[in-house]
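A.B. asks: coords please:
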Amino acid sequence: MKYRLASAVLVLAVLFAACSQETDKQGASEKDTLKKEKKSISILCSFLPMWVFTKNVVGERKGVELHVLIPGDQGPHDYQLSPADMKKINAADLFVANGHQLEEFLTDAAREARPGLRILKAAEVAEPIYIDDMGNTMSLEAEPGSGHHDHHRHGSHDRAVNPHVFVSPYHAAKMVRKIGEELGKADPSGKEIYHDNAEAYAAKLESLARKFKEVAEKSSNTKIVTFHNAFDYLGRAAGLEIVGSIEVVPGQQPSAGELSALARKIRETGAVAVFAEPQYSPRTAKVLAQEAGVKMDFLDPAATGEMRPDYYEEVMLKNIATLDRVLPEDE
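C.D. replies: So this is what the prediction gives:
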(Lines give C-alpha, C1' and ligand atoms only; values in the text may rest on other atoms or scores of the structure.)
Protein backbone atom coordinates (compact mmCIF):
# COMPACT_ATOMS: atom_id res chain seq x y z
CA MET A 1 0.00 0.00 0.00
CA LYS A 2 2.81 2.33 0.96
CA TYR A 3 4.56 1.33 -2.28
CA ARG A 4 1.46 2.22 -4.35
CA LEU A 5 1.09 5.54 -2.54
CA ALA A 6 4.73 6.32 -3.07
CA SER A 7 4.37 5.41 -6.76
CA ALA A 8 1.30 7.65 -7.10
CA VAL A 9 3.10 10.55 -5.46
CA LEU A 10 6.07 9.98 -7.77
CA VAL A 11 3.83 10.01 -10.86
CA LEU A 12 2.09 13.20 -9.73
CA ALA A 13 5.46 14.80 -9.08
CA VAL A 14 6.66 13.90 -12.57
CA LEU A 15 3.44 15.21 -14.13
CA PHE A 16 3.66 18.43 -12.11
CA ALA A 17 7.26 18.91 -13.13
CA ALA A 18 6.36 18.33 -16.77
CA CYS A 19 3.47 20.82 -16.55
CA SER A 20 5.75 23.34 -14.86
CA GLN A 21 8.34 22.95 -17.59
CA GLU A 22 5.64 23.38 -20.25
CA THR A 23 4.33 26.48 -18.45
CA ASP A 24 7.86 27.85 -18.21
CA LYS A 25 8.35 27.22 -21.91
CA GLN A 26 5.10 29.02 -22.72
CA GLY A 27 6.06 31.90 -20.44
CA ALA A 28 9.49 32.11 -22.03
CA SER A 29 7.91 31.99 -25.48
CA GLU A 30 5.54 34.84 -24.60
CA LYS A 31 8.44 36.88 -23.22
CA ASP A 32 10.45 36.25 -26.38
CA THR A 33 7.47 37.40 -28.44
CA LEU A 34 7.19 40.57 -26.39
CA LYS A 35 10.89 41.21 -26.77
CA LYS A 36 10.60 40.78 -30.53
CA GLU A 37 7.65 43.17 -30.59
CA LYS A 38 9.60 45.74 -28.59
CA LYS A 39 12.43 45.61 -31.10
CA SER A 40 10.14 47.29 -33.63
CA ILE A 41 10.18 51.08 -33.32
CA SER A 42 8.03 53.62 -35.11
CA ILE A 43 9.60 56.79 -36.51
CA LEU A 44 7.31 59.55 -37.73
CA CYS A 45 8.49 62.33 -40.06
CA SER A 46 6.72 65.61 -40.74
CA PHE A 47 7.14 65.99 -44.52
CA LEU A 48 9.13 64.81 -47.53
CA PRO A 49 12.69 66.10 -46.83
CA MET A 50 12.58 64.83 -43.24
CA TRP A 51 11.41 61.45 -44.52
CA VAL A 52 14.20 61.31 -47.12
CA PHE A 53 16.87 62.23 -44.57
CA THR A 54 15.57 59.73 -42.02
CA LYS A 55 15.09 56.96 -44.58
CA ASN A 56 18.75 57.24 -45.57
CA VAL A 57 19.79 57.03 -41.93
CA VAL A 58 17.56 54.01 -41.24
CA GLY A 59 18.81 52.25 -44.37
CA GLU A 60 18.06 48.51 -44.27
CA ARG A 61 17.71 48.37 -40.50
CA LYS A 62 15.13 45.73 -39.59
CA GLY A 63 12.29 46.42 -37.20
CA VAL A 64 11.96 50.13 -37.97
CA GLU A 65 8.63 51.45 -39.18
CA LEU A 66 9.02 54.78 -40.97
CA HIS A 67 5.99 56.99 -41.56
CA VAL A 68 5.33 60.50 -42.84
CA LEU A 69 2.45 62.82 -41.92
CA ILE A 70 2.31 65.11 -44.95
CA PRO A 71 2.20 63.30 -48.31
CA GLY A 72 5.02 63.96 -50.75
CA ASP A 73 2.83 66.01 -53.08
CA GLN A 74 1.85 68.49 -50.34
CA GLY A 75 3.82 71.05 -48.38
CA PRO A 76 3.54 72.11 -44.72
CA HIS A 77 1.96 75.47 -45.59
CA ASP A 78 -1.38 74.04 -46.72
CA TYR A 79 -1.85 70.75 -44.86
CA GLN A 80 -4.46 69.85 -42.23
CA LEU A 81 -4.20 67.00 -39.73
CA SER A 82 -6.52 64.01 -40.07
CA PRO A 83 -7.65 61.33 -37.55
CA ALA A 84 -5.27 58.90 -39.28
CA ASP A 85 -2.40 61.29 -38.53
CA MET A 86 -3.24 61.22 -34.82
CA LYS A 87 -3.00 57.41 -34.88
CA LYS A 88 0.50 57.71 -36.34
CA ILE A 89 1.44 60.21 -33.65
CA ASN A 90 0.12 57.94 -30.89
CA ALA A 91 2.17 55.01 -32.22
CA ALA A 92 5.43 56.94 -32.73
CA ASP A 93 8.61 56.53 -30.67
CA LEU A 94 10.29 59.55 -32.31
CA PHE A 95 8.92 62.46 -34.34
CA VAL A 96 11.41 63.98 -36.79
CA ALA A 97 10.48 67.54 -37.79
CA ASN A 98 12.27 70.45 -39.43
CA GLY A 99 11.31 72.99 -36.75
CA HIS A 100 11.66 76.79 -36.78
CA GLN A 101 7.83 76.97 -36.85
CA LEU A 102 7.59 75.37 -40.31
CA GLU A 103 5.33 72.58 -39.03
CA GLU A 104 4.48 74.06 -35.64
CA PHE A 105 0.83 72.94 -35.93
CA LEU A 106 2.09 69.35 -36.26
CA THR A 107 4.54 69.45 -33.38
CA ASP A 108 1.99 71.19 -31.15
CA ALA A 109 -0.59 68.51 -31.93
CA ALA A 110 1.96 65.77 -31.27
CA ARG A 111 2.98 67.33 -27.96
CA GLU A 112 -0.64 67.63 -26.87
CA ALA A 113 -1.53 64.07 -27.89
CA ARG A 114 1.69 62.54 -26.57
CA PRO A 115 3.31 64.74 -23.89
CA GLY A 116 6.20 62.29 -23.53
CA LEU A 117 6.90 61.86 -27.24
CA ARG A 118 10.46 62.67 -28.24
CA ILE A 119 10.40 65.39 -30.92
CA LEU A 120 13.50 66.24 -32.91
CA LYS A 121 13.55 69.68 -34.56
CA ALA A 122 16.45 68.98 -36.86
CA ALA A 123 16.82 72.50 -38.32
CA GLU A 124 18.01 73.83 -34.96
CA VAL A 125 21.50 72.47 -35.70
CA ALA A 126 22.01 75.36 -38.16
CA GLU A 127 22.89 78.99 -37.55
CA PRO A 128 19.60 80.92 -37.95
CA ILE A 129 18.69 83.38 -40.66
CA TYR A 130 16.21 85.91 -39.29
CA ILE A 131 13.25 87.45 -41.11
CA ASP A 132 10.96 90.34 -40.23
CA ASP A 133 7.16 90.33 -39.94
CA MET A 134 6.88 90.69 -43.72
CA GLY A 135 9.16 87.72 -44.42
CA ASN A 136 12.13 89.83 -45.54
CA THR A 137 15.60 88.63 -44.60
CA MET A 138 16.99 90.68 -41.71
CA SER A 139 20.10 88.96 -40.46
CA LEU A 140 21.90 86.37 -42.51
CA GLU A 141 23.67 83.45 -40.92
CA ALA A 142 27.32 83.65 -40.01
CA GLU A 143 29.85 81.82 -42.18
CA PRO A 144 29.94 78.06 -41.56
CA GLY A 145 31.95 77.23 -38.46
CA SER A 146 31.76 80.67 -36.84
CA GLY A 147 29.48 79.42 -34.05
CA HIS A 148 27.68 82.78 -33.86
CA HIS A 149 24.13 82.74 -32.51
CA ASP A 150 22.07 85.90 -32.23
CA HIS A 151 18.92 85.52 -30.15
CA HIS A 152 18.46 89.18 -29.22
CA ARG A 153 15.28 91.10 -29.92
CA HIS A 154 14.96 93.42 -32.91
CA GLY A 155 13.11 96.58 -32.00
CA SER A 156 9.80 95.77 -30.32
CA HIS A 157 9.38 92.37 -32.00
CA ASP A 158 11.16 89.05 -31.77
CA ARG A 159 12.74 88.10 -35.03
CA ALA A 160 11.29 85.04 -36.70
CA VAL A 161 13.65 82.45 -38.13
CA ASN A 162 13.67 81.40 -41.77
CA PRO A 163 12.79 77.68 -41.53
CA HIS A 164 14.16 76.47 -44.89
CA VAL A 165 17.36 74.96 -43.54
CA PHE A 166 16.73 71.68 -45.36
CA VAL A 167 17.16 73.34 -48.79
CA SER A 168 20.90 73.72 -48.20
CA PRO A 169 22.82 70.42 -48.59
CA TYR A 170 25.54 71.81 -46.32
CA HIS A 171 23.05 72.23 -43.49
CA ALA A 172 21.08 69.11 -44.46
CA ALA A 173 24.23 67.09 -43.69
CA LYS A 174 24.18 68.48 -40.15
CA MET A 175 20.50 67.61 -39.84
CA VAL A 176 21.18 64.05 -41.00
CA ARG A 177 23.89 63.55 -38.39
CA LYS A 178 21.53 64.81 -35.70
CA ILE A 179 18.83 62.41 -36.90
CA GLY A 180 21.38 59.61 -36.63
CA GLU A 181 22.10 60.56 -33.02
CA GLU A 182 18.43 60.62 -32.07
CA LEU A 183 17.68 57.31 -33.78
CA GLY A 184 20.54 55.80 -31.79
CA LYS A 185 18.87 56.97 -28.59
CA ALA A 186 15.46 55.61 -29.63
CA ASP A 187 16.97 52.29 -30.75
CA PRO A 188 20.31 51.79 -28.89
CA SER A 189 20.99 48.39 -30.42
CA GLY A 190 21.16 50.03 -33.86
CA LYS A 191 23.27 53.00 -32.80
CA GLU A 192 26.32 52.08 -34.88
CA ILE A 193 24.20 51.34 -37.96
CA TYR A 194 22.50 54.72 -37.73
CA HIS A 195 25.82 56.49 -37.19
CA ASP A 196 27.45 54.83 -40.19
CA ASN A 197 24.43 55.44 -42.44
CA ALA A 198 24.22 59.07 -41.35
CA GLU A 199 27.91 59.65 -42.06
CA ALA A 200 27.65 58.04 -45.49
CA TYR A 201 24.60 60.09 -46.50
CA ALA A 202 25.99 63.30 -44.98
CA ALA A 203 29.12 62.83 -47.11
CA LYS A 204 26.91 62.74 -50.24
CA LEU A 205 25.15 65.93 -49.15
CA GLU A 206 28.46 67.67 -48.45
CA SER A 207 29.59 66.70 -51.95
CA LEU A 208 26.48 68.43 -53.32
CA ALA A 209 27.26 71.50 -51.20
CA ARG A 210 30.77 71.68 -52.68
CA LYS A 211 29.35 71.49 -56.21
CA PHE A 212 27.02 74.43 -55.51
CA LYS A 213 29.97 76.41 -54.20
CA GLU A 214 32.13 75.52 -57.21
CA VAL A 215 29.45 76.84 -59.59
CA ALA A 216 29.20 80.10 -57.64
CA GLU A 217 32.97 80.53 -57.40
CA LYS A 218 33.47 80.30 -61.16
CA SER A 219 30.68 82.79 -61.89
CA SER A 220 31.27 86.50 -62.47
CA ASN A 221 27.82 87.36 -61.06
CA THR A 222 25.87 85.35 -58.47
CA LYS A 223 23.08 87.87 -57.83
CA ILE A 224 19.65 86.28 -58.29
CA VAL A 225 15.97 86.61 -57.36
CA THR A 226 14.09 83.57 -56.07
CA PHE A 227 10.39 82.77 -55.90
CA HIS A 228 10.35 82.37 -52.08
CA ASN A 229 12.96 82.97 -49.40
CA ALA A 230 13.51 79.20 -49.36
CA PHE A 231 17.05 79.45 -50.76
CA ASP A 232 18.65 81.80 -48.23
CA TYR A 233 20.55 79.04 -46.39
CA LEU A 234 21.69 77.52 -49.66
CA GLY A 235 22.69 80.96 -50.93
CA ARG A 236 24.89 81.78 -47.96
CA ALA A 237 26.53 78.36 -47.85
CA ALA A 238 27.22 78.34 -51.60
CA GLY A 239 28.08 82.00 -52.10
CA LEU A 240 24.97 83.06 -54.00
CA GLU A 241 23.65 86.59 -53.44
CA ILE A 242 19.85 86.58 -53.26
CA VAL A 243 18.71 90.18 -53.75
CA GLY A 244 14.97 89.54 -53.42
CA SER A 245 12.02 87.14 -53.58
CA ILE A 246 8.80 87.30 -55.60
CA GLU A 247 6.47 85.96 -52.91
CA VAL A 248 7.73 87.28 -49.59
CA VAL A 249 4.73 85.67 -47.87
CA PRO A 250 3.95 82.16 -49.24
CA GLY A 251 0.77 82.18 -51.30
CA GLN A 252 0.56 85.97 -51.43
CA GLN A 253 1.13 87.33 -54.93
CA PRO A 254 2.99 90.66 -55.13
CA SER A 255 1.07 93.74 -56.22
CA ALA A 256 1.88 95.48 -59.48
CA GLY A 257 3.77 98.14 -57.54
CA GLU A 258 5.81 95.57 -55.60
CA LEU A 259 6.65 93.74 -58.82
CA SER A 260 7.82 96.99 -60.46
CA ALA A 261 9.94 97.80 -57.40
CA LEU A 262 11.54 94.35 -57.56
CA ALA A 263 12.25 94.77 -61.28
CA ARG A 264 13.93 98.10 -60.51
CA LYS A 265 16.00 96.42 -57.79
CA ILE A 266 17.11 93.75 -60.23
CA ARG A 267 18.35 96.41 -62.66
CA GLU A 268 20.04 98.44 -59.90
CA THR A 269 21.84 95.47 -58.36
CA GLY A 270 22.70 93.84 -61.67
CA ALA A 271 21.02 90.53 -60.78
CA VAL A 272 21.29 88.06 -63.64
CA ALA A 273 18.22 85.85 -63.27
CA VAL A 274 14.80 85.29 -61.77
CA PHE A 275 13.95 81.78 -60.56
CA ALA A 276 10.49 80.26 -60.28
CA GLU A 277 9.75 76.99 -58.46
CA PRO A 278 8.34 74.00 -60.40
CA GLN A 279 5.56 73.53 -57.83
CA TYR A 280 4.01 76.92 -58.72
CA SER A 281 2.95 78.80 -61.82
CA PRO A 282 5.91 80.62 -63.44
CA ARG A 283 3.70 83.37 -64.81
CA THR A 284 4.75 86.07 -62.32
CA ALA A 285 8.42 85.12 -62.60
CA LYS A 286 8.20 85.40 -66.41
CA VAL A 287 6.59 88.84 -66.21
CA LEU A 288 9.23 90.03 -63.75
CA ALA A 289 12.13 88.66 -65.78
CA GLN A 290 10.78 90.24 -68.95
CA GLU A 291 10.31 93.63 -67.28
CA ALA A 292 13.81 93.51 -65.76
CA GLY A 293 15.40 92.16 -68.93
CA VAL A 294 16.99 89.06 -67.35
CA LYS A 295 16.79 85.27 -67.69
CA MET A 296 14.08 83.16 -66.04
CA ASP A 297 14.54 79.55 -64.92
CA PHE A 298 13.57 77.12 -62.13
CA LEU A 299 15.08 76.18 -58.78
CA ASP A 300 13.42 73.42 -56.74
CA PRO A 301 13.55 73.56 -52.89
CA ALA A 302 12.67 69.82 -52.74
CA ALA A 303 9.92 70.47 -50.19
CA THR A 304 7.51 68.30 -52.19
CA GLY A 305 7.96 65.52 -54.69
CA GLU A 306 8.51 61.77 -54.94
CA MET A 307 8.89 59.57 -51.86
CA ARG A 308 12.27 58.11 -52.83
CA PRO A 309 15.48 57.98 -50.77
CA ASP A 310 17.48 59.51 -53.64
CA TYR A 311 14.94 62.22 -54.47
CA TYR A 312 16.68 65.07 -52.62
CA GLU A 313 20.02 64.34 -54.29
CA GLU A 314 18.35 64.18 -57.71
CA VAL A 315 16.66 67.57 -57.24
CA MET A 316 19.83 69.25 -55.98
CA LEU A 317 21.86 67.94 -58.92
CA LYS A 318 19.26 69.53 -61.24
CA ASN A 319 19.55 72.81 -59.32
CA ILE A 320 23.34 72.71 -59.67
CA ALA A 321 23.02 72.13 -63.42
CA THR A 322 20.53 75.01 -63.70
CA LEU A 323 22.79 77.47 -61.90
CA ASP A 324 25.77 76.30 -63.93
CA ARG A 325 23.81 77.02 -67.11
CA VAL A 326 22.31 80.35 -66.07
CA LEU A 327 25.06 82.10 -64.11
CA PRO A 328 27.70 83.85 -66.29
CA GLU A 329 31.20 82.40 -66.11
CA ASP A 330 34.04 84.51 -64.77
CA GLU A 331 36.29 85.56 -67.66
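A.B. asks: Neighbours of the nearest residue to I70 once chain neighbours are set aside, how many?
C.D. replies: Take I70 and drop its neighbours on the chain: the residue closest to it by C-beta to C-beta, 6 or more residues apart in numbering is F47, 4.1 Å away. Using the backbone N, CA and C atoms, a C-beta is placed for each residue, glycine as well. Burial measure for F47: 24 neighbouring residues, criterion other C-beta atoms under 10 Å.
A.B. asks: G99 contacts P163, doesn't it?
C.D. replies: Yes: look at G99 against P163 with C-beta atoms under 8 Å: they come within range, at 7.1 Å.
A.B. asks: Mutual contacts of the two, please.
C.D. replies: The overlap between the contact sets of G99 and P163 (C-beta atoms under 8 Å, 6 or more residues apart in numbering) consists of A123.
A.B. asks: First residue to last residue on stretch 86-105, what's the distance there?
C.D. replies: End-to-end distance of stretch 86-105 (C-alpha to C-alpha, to the nearest Å): 12 Å.
A.B. asks: Now do it: distance to the chain's middle.
C.D. replies: Once both centres are worked out by C-alpha atoms, centre = their mean, to the nearest Å, stretch 86-105 turns out to sit 11 Å from its chain's centre.
A.B. asks: so I179 sits right up against A122, yeah?
C.D. replies: Yes: using C-beta under 8 Å, I179 is in contact with A122, at 6.0 Å.
A.B. asks: intersection of neighbour lists for those two?
C.D. replies: F53, V96.
A.B. asks: what about G257, helix or strand, and which?
C.D. replies: For G257, the element it lies in under DSSP states H and E is helix 256-269.
A.B. asks: in that helix, what's buried?
C.D. replies: Under the neighbour-count criterion of 16 or more other C-beta atoms under 10 Å, helix 256-269 has L259, L262, A263, I266 buried.
A.B. asks: Quick check: I70 touching L48?
C.D. replies: Yes: look at I70 against L48 with C-beta under 8 Å: they come within range, at 7.3 Å.
A.B. asks: So for the two, which sits in the more crowded spot?
C.D. replies: The residue with more neighbours, out of I70 and L48, is L48; 26 against 23, by other C-beta under 10 Å.
A.B. asks: where's the more buried one relative to D132, distance?
C.D. replies: Counting by C-beta to C-beta, to the nearest Å, the gap from L48 to D132 is 28 Å.
A.B. asks: Can you list the buried residues in stretch 184-201?
C.D. replies: Neighbour counts over stretch 184-201 (16+ other C-beta under 10 Å) mark G184, A186, D187, G190, I193, Y194, H195, N197, A198, Y201 as buried.
A.B. asks: which residues in the protein form strands?
C.D. replies: Per DSSP state E, the chain carries strands over the ranges 41-45, 64-68, 94-97, 118-121, 130-131, 137-139, 160-161, 223-226, 241-245, 273-276, 295-298.
A.B. asks: partner residues bridging M296?
C.D. replies: Residues in a beta bridge with M296, per DSSP bridges, are V274.
A.B. asks: what about this protein, any weak spots by pLDDT?
C.D. replies: 1-39, 133-158, 331 (pLDDT under 70).
A.B. asks: now do 50
C.D. replies: Under the criterion pLDDT under 50, the flagged ranges of the chain are 1-38, 139-157.
A.B. asks: Please parse it into its domains.
C.D. replies: Listed domain ranges for the chain are 38-124+165-206, 209-326 (source: automatic domain parsing).
A.B. asks: nearest residue to N162 other than its sequence neighbours?
C.D. replies: In space, N162 is closest to I129, 4.3 Å off (C-beta to C-beta, 6+ apart).
A.B. asks: Oops, could you answer that again for Q74 instead?
C.D. replies: Q74's closest residue in space is T304 (C-beta to C-beta, 6+ apart), at 6.4 Å.
A.B. asks: Could you report the neighbour count for that neighbour?
C.D. replies: T304 has 19 neighbouring residues, counting by other C-beta under 10 Å.
A.B. asks: so it sits right up against L48, yeah?
C.D. replies: Yes: using C-beta under 8 Å, T304 is in contact with L48, at 5.9 Å.
A.B. asks: Mutual contacts of the two, please.
C.D. replies: Overlap of the contact sets of T304 and L48 (by C-beta under 8 Å, 6+ apart) consists of G72.
A.B. asks: Tell me who's in contact with the residue nearest the centre of the chain.
C.D. replies: By C-alpha atoms, centre = their mean, the chain has its centre lying nearest to M50, at 3.1 Å. Listed by C-beta under 8 Å, 6+ apart, the contact set of M50 reads V68, V96, A97, N98, A122, F166.
A.B. asks: how near is the second one to A186?
C.D. replies: Read it as V96. Distance, V96 to A186, by C-beta to C-beta: 10 Å.
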